[in-house]
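Engineer: prediction below, plus the sequence it came from.
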Amino acid sequence: MDTLLATLVSGLVLGSLYALMASGLSLVWTTLGVFNFAHGALMMVGAFIAWTVSEAVGAGPVAGVVAGTLGAGLIGIVIERLVIRPFYASRNMLLVTAMTTLAVTIILERGAQMIWGPRLKQLPPLVDGEIRLFGNAISAHEALLLVAAPVILIALWRFTVSSKIGRSLRAVGQNQDSAALIGVDVPKAFALAFAISAALAGLTGALLGSIRFITPAMGSEPLTKAMIVVIFGGLGSLGSTAGAAYLIGFIEAFLVLWVGLYWTPFALFLLMILVLLLRPNGIFGKR
Amino acid sequence: MMTRNNLLLLALFVVLAFVPQVFTDGYVRHLFIIAFIYAIIASNWNLSLGHCGIFNFGHMTFFGIGVYTAAILTKTTGVNPWLAIPACAITAAISAVIMAAPVARLKGIYVVLVTFAVNQLVMQLVLSQADLTGGAKGLVRLPFLTIGDYSFIRDYKLGYYYLALILLGLSTAFLILVAGSPFGKSLKAVRDAEDYATARGISVARTRISVLVLSAIFTGIAGGFYTVYLRVASPEVFGFSTMSLVLSMVLIGGINSVLGPVIAALALTFASEAMAGIGGFEDARYIVIAVAMILVLRLAPGGLIQILERLMPTGRKPATPTRSPA
Amino acid sequence: MTPLLDVKDVQAGYGDMRVLHGLSLHIGAEESIGLFGPNGHGKTTLLKTISSLVRPTAGSITFDGIDITGRKPPAIVEAGLIHAPQGNTLFGNMRIAETLELAAFSKRASNGAQKRLDEVYALFPRLAERKTQLAKTLSGGERQMLSIGCALMCAPRLLMLDEPTLGLSPRLKEELGAAIGEISKSGVPLIVVEQDIEFLLSHRPAISGGAWRRRARDRPRERARP
């Protein structure tokens, strides 16, 4: 019973992480029709900026998280301007931007290696101590992640459904010309969606930076998992993406319990291929 | 079909055959060998990406499967490298079938996601199965390639050089044959006019599976040769850096062409190596290549080959691939 | 009297294909005009050029005495020059009420948005009945109503309607025609693009003057794809 509950909690932590990552991917996809390969690298940059502000500058972990979020958001705006916007009119926009954002990943990862060096870094937790959840002790910081993820996701959802600006992002994603004809500045909407998504990645990285080590390659594993999430859940809606994220988190945690760390990647891989063969549109996906 | 590009290719191979006479030191020959291997991967990637329009981001999987097939066969089970290298074609082709089965029915971004995820998951599989694959450390000190008593490492890698060149030659001939065959024409139909292709009785799913398998064969062999030559297998072959390096060769060389990626592989391998010689440029050279990739996509989407064709005035129209469905 | 909208010698097209070859048109503050002609003659392109979805390569467009040539679409909406596209081009996954509320996006339109929303619902009671329905589930006629409703939410000073009755049944045409007449009577000048000349002429009291005149040099070299 204890192991079961521990597995549930660990699945919840993983699910929160994947949900934060995948929702950013989903926002950019639904607004711009671009898949941002640099999303994992943006998360990594957020973690490094948070570390610099918190540890190197000494401003403390809260300032670090804020700086990591804003810094990644700003870099997101630059990325959108330099490697996405020039290709809007391109016939192969989807493929071309996949390639340019992949190139940006290399630039960010190697750039981080040059700036911050190879030494492993870690952030102190935002909150100290432990919390008991279903009789399992987890660090208060992980508990914070558990609470923060749904709060952020619901805020993002409310933003796109209820606010004028959020609605305009959805409108642009569904029909650029019609959105322009009611006065929405389409390029500005694109930049905003990209910035929000990047800031979300930066925030995730800054939060993850006190659970895992901060390295230039730290973004690639969460990105891969977020990709599996969107394969399962589709990219179309925030709700199904978040649902799939928690599902994958639980599946991964239970696989670790049943088949061990050694075989988990293999089992996850097999599962993905099987699901795709049986249901090419994913579990929740309607496309 | 001796088009001008094929004649150029032939001329290039003749020149390359004489390179070892000029460069007698092992280091330059090593660079050529690596460039030939990259050229095989890049030009075969182009078969699925360029010719058939499959948004394939998992091509390096086939290479990595080749690397680990050869490494495990030679190191763990003691199979002769001469048998292990061709065996890589089979394992790579099998991995292509596994990847292609879901990809055949998917569209657009989901093809990108699935192919990329397969690549990443195979890497994590390799990392986690440390007993078999050596995990993050990889497998080292694989047996040398020999004929009788002659080790290929001798004579400043002369044997490896010609073997790599022969492999590149075979792979290139294979690609030209595939592109020129009726199947090659159906590839373009699937890429440019899927509905039309379906209406003409071409099975889109079957074409995609076939093209992925075909592109995996020489890529797997190149992986096997690569690991036997370097005597090391490391999970880096699945990583972002190797992938984007090879992808930049495809793009800079020119999508849709056979010659372009080969030339780009040569140029980029030497450029990258030259930059590595500059102090502190170990990481920066990847940044330079990534920036070059973005610039090419922005300024010359046709790649190097199109620029070359524009520079060389000929009587007929440039041999850019026809956009009309065959 | 200076015209409300003055289009002078405009050239525009898509890529290498030029569709408008030096077109001129003007409309006064009190009048409404209809443009008719078969498919592929550049009527939609003209509207897109005026609303700046298509950038003109030559010529000038003046609205209310201000040069708006090449301005961004939001600036043109802000000026009150509103283009209602064909109704099948809306936001499929948004609800009617959401869409109409969002349509009052510009600063100019956000004043009195609630009042205009009531007017739109009064003009098109069907939309009021289907407030929470997704746009993609609407019928062709309802989509046209939503498209026109959106344009009204933008607080137009000049309203351009692109084939508002395309593919509709005679009964629905009649209904929309009446609604367009109402809009015109409320004092909003209109430019209506229509293939159905009889429909335009049957609303003569509302829509007077104007026709799609094509001079020899206006003839497109290539026709736009239908």
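Structural biologist: Everything's here; your move. Numbers count the residues shown, from 1 in each chain, chains lettered A, B, ... in the order given.

Engineer: is stretch B:282-300 positioned near chain A?
Structural biologist: Yes. Counting by CB under 8 Å from any CB of the partner chain, chain A has neighbours in stretch B:282-300: B:D283, B:A284, B:Y286, B:I287, B:I289, B:A290, B:V291, B:M293, B:I294, B:L297, B:R298. Quick note: C-beta positions are derived from backbone N, CA and C, even for glycine.

Engineer: could you pull up the contacting residues of the last one?
Structural biologist: This points to B:R298. Listed by CB atoms under 8 Å, 6 or more residues apart in numbering or on different chains, the contact set of B:R298 reads A:P86, A:F87.

Engineer: now do it, the pLDDT please.
Structural biologist: At B:R298, the model reports a pLDDT of 88.

Engineer: show me what counts as buried in the strand or helix carrying it.
Structural biologist: According to DSSP states H and E, B:R298 maps onto helix B:284-299. The neighbour-count check on helix B:284-299 (16 or more other CB atoms under 10 Å in any protein chain shown) flags B:A284, B:R285, B:Y286, B:I287, B:I289, B:A290, B:A292, B:M293, B:I294, B:V296, B:L297 as buried.

Engineer: count the neighbours of B:Q124 for me.
Structural biologist: 19 (other CB atoms under 10 Å in any protein chain shown).

Engineer: pull the distance from the helix or strand where it lies to the chain's centre.
Structural biologist: Assigned by DSSP H and E, B:Q124 belongs to helix B:109-128. Relative to its parent chain, helix B:109-128 has a centroid offset of 18 Å by CA atoms, centre = their mean, to the nearest Å.

Engineer: list the contacts of the very next helix or strand once past it.
Structural biologist: Once helix B:109-128 ends, the next helix or strand along the chain (criterion: DSSP H and E) is helix B:130-133. With contacts defined as CB under 8 Å, 6+ apart, helix B:130-133 is touched by B:Y68, B:A71, B:I72, B:T76, B:V126, B:L127, B:A136, B:L139, B:A233, B:P235.

Engineer: count the neighbours of the nearest residue to the second one once chain neighbours are set aside for me.
Structural biologist: Yep, that's B:A71 we're talking about. The shortest distance from B:A71 to any non-neighbouring residue, by CB to CB, 6 or more residues apart in numbering or on different chains, is to B:A233 (3.5 Å). Counted with other CB under 10 Å, residues neighbouring B:A233 total 28.

Engineer: and B:A233, how far is that from chain C?
Structural biologist: B:A233 is 48 Å from chain C, where distance means CB to the nearest CB, to the nearest Å.

Engineer: contacts only, for that residue.
Structural biologist: Applying CB under 8 Å, 6+ apart to B:A233 gives the contacts B:V67, B:Y68, B:A70, B:A71, B:I72, B:T133, B:G134, B:G138, B:L139, B:L142, B:T227.

Engineer: so which of those residues is the closest to chain A?
Structural biologist: B:T133 (11.7 Å; CB to the nearest CB).

Engineer: all helices for the stretch 151-300 of chain B, in order.
Structural biologist: In the stretch 151-300 of chain B, the helices defined using DSSP state H, counting those that start in this stretch lie at B:154-180, B:182-192, B:194-199, B:204-230, B:240-253, B:259-276, B:284-299.

Engineer: for the helix holding B:Q124, the averaged confidence score.
Structural biologist: 87.

Engineer: quick check: angle from it to helix B:204-230?
Structural biologist: Helix B:109-128 runs at 30 degrees relative to helix B:204-230, counting by axes from the mean of the first three to the mean of the last three CA atoms, to 10 degrees.

Engineer: for chain C, what is the nearest residue in the stretch 101-250 of chain A?
Structural biologist: Counting by CB to the nearest CB, the stretch 101-250 of chain A gets nearest chain C through A:G183, at 3.4 Å.

Engineer: need the contact list for that residue.
Structural biologist: Contact analysis of A:G183 by CB under 8 Å, 6+ apart lists C:P73, C:P74, C:V77, C:E78, C:F105, C:S106, C:A109, C:C154.

Engineer: show me where the stretch 1-150 of chain A has its helices.
Structural biologist: So, for the stretch 1-150 of chain A - with DSSP H, counting those that start in this stretch - the helices run A:2-32, A:39-51, A:61-79, A:93-116, A:140-162.

Engineer: ok, now the stretch 1-150 of chain B?
Structural biologist: B:4-22, B:26-46, B:59-75, B:81-103, B:109-128, B:130-133.

Engineer: deepest of those, which one?
Structural biologist: Ranked by mean neighbour count, those are led by helix B:59-75 with a mean of 28 (mean count of other CB atoms under 10 Å in any protein chain shown).

Engineer: and B:D195, how many neighbours?
Structural biologist: Count around B:D195 with other CB under 10 Å applied: 8.

Engineer: I should have written B:A274 there, sorry.
Structural biologist: 12.

Engineer: quick one on the thing from earlier: could you dump the helices of the stretch 151-300 of chain B into a markdown table and include distance to A:G166?
Structural biologist: Output for the helices of the stretch 151-300 of chain B, formatted as a markdown table (distance: least, CB to CB, whole Å):
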| stretch | distance to A:G166 |
| --- | --- |
| helix B:154-180 | 48 |
| helix B:182-192 | 38 |
| helix B:194-199 | 35 |
| helix B:204-230 | 38 |
| helix B:240-253 | 33 |
| helix B:259-276 | 44 |
| helix B:284-299 | 31 |
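
Engineer: so C:A151 sits right up against C:D162, yeah?
Structural biologist: No. The pair C:A151 / C:D162 is not scored as a contact, 10.0 Å apart, by CB atoms under 8 Å.

Engineer: okay, and the common contacts of these two?
Structural biologist: C:H83, C:A84.

Engineer: picking that back up, I'd like the contacts of A:G183 as a markdown table, with secondary structure and distance to A:G135 appended.
Structural biologist: What follows is the contacts of A:G183, written out as a markdown table (DSSP: H, G, I helix; E, B strand; the rest coil; distance: CB to CB, whole Å):
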| residue | secondary structure | distance to A:G135 |
| --- | --- | --- |
| C:P73 | helix | 59 |
| C:P74 | helix | 56 |
| C:V77 | helix | 59 |
| C:E78 | helix | 60 |
| C:F105 | coil | 52 |
| C:S106 | coil | 56 |
| C:A109 | helix | 57 |
| C:C154 | coil | 59 |
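
Engineer: now, the most widely separated pair of those?
Structural biologist: Spatial extent of the contacts of A:G183 (CB to CB) is set by the pair C:P73 and C:A109 at 13.8 Å.

Engineer: what ranges do the strands span in chain C?
Structural biologist: C:5-14, C:17-27, C:33-36, C:58-63, C:66-67, C:81-84, C:158-162, C:190-194 (DSSP state E).

Engineer: so what touches the last one?
Structural biologist: With contact meaning CB under 8 Å, 6+ apart, strand C:190-194 is reached by C:5, C:27, C:32-36, C:43-44, C:47, C:158-165, C:180, C:183-184, C:200, C:206-207.

Engineer: now, of these, which are buried?
Structural biologist: C:5, C:27, C:32-36, C:43-44, C:47, C:158-165, C:180, C:183-184, C:200, C:206-207.

Engineer: so where's the stretch 101-250 of chain A uncertain?
Structural biologist: Residues of the stretch 101-250 of chain A meeting the criterion pLDDT under 70: none.

Engineer: quick one, strands of it?
Structural biologist: Assigned by DSSP state E, counting those that start in this stretch, the strands in the stretch 101-250 of chain A fall at A:130-133, A:136-139.

Engineer: my guess is B:A136 meets B:P235, correct?
Structural biologist: Yes. With contact defined as CB under 8 Å, B:A136 reaches B:P235; the gap is 6.4 Å.

Engineer: out of these two, which sits in the busier spot?
Structural biologist: When neighbours are counted by other CB under 10 Å, B:A136 and B:P235 differ, and B:P235 comes out ahead with 21 against 12.

Engineer: spell out which residues of the stretch 101-250 of chain B are next to chain A.
Structural biologist: Checking the stretch 101-250 of chain B against chain A by CB under 8 Å from any CB, the hits are B:101-102, B:105-106, B:108-110, B:112-114, B:116-118, B:120-122, B:124-125, B:127-129, B:240-241, B:243-244, B:247-248.
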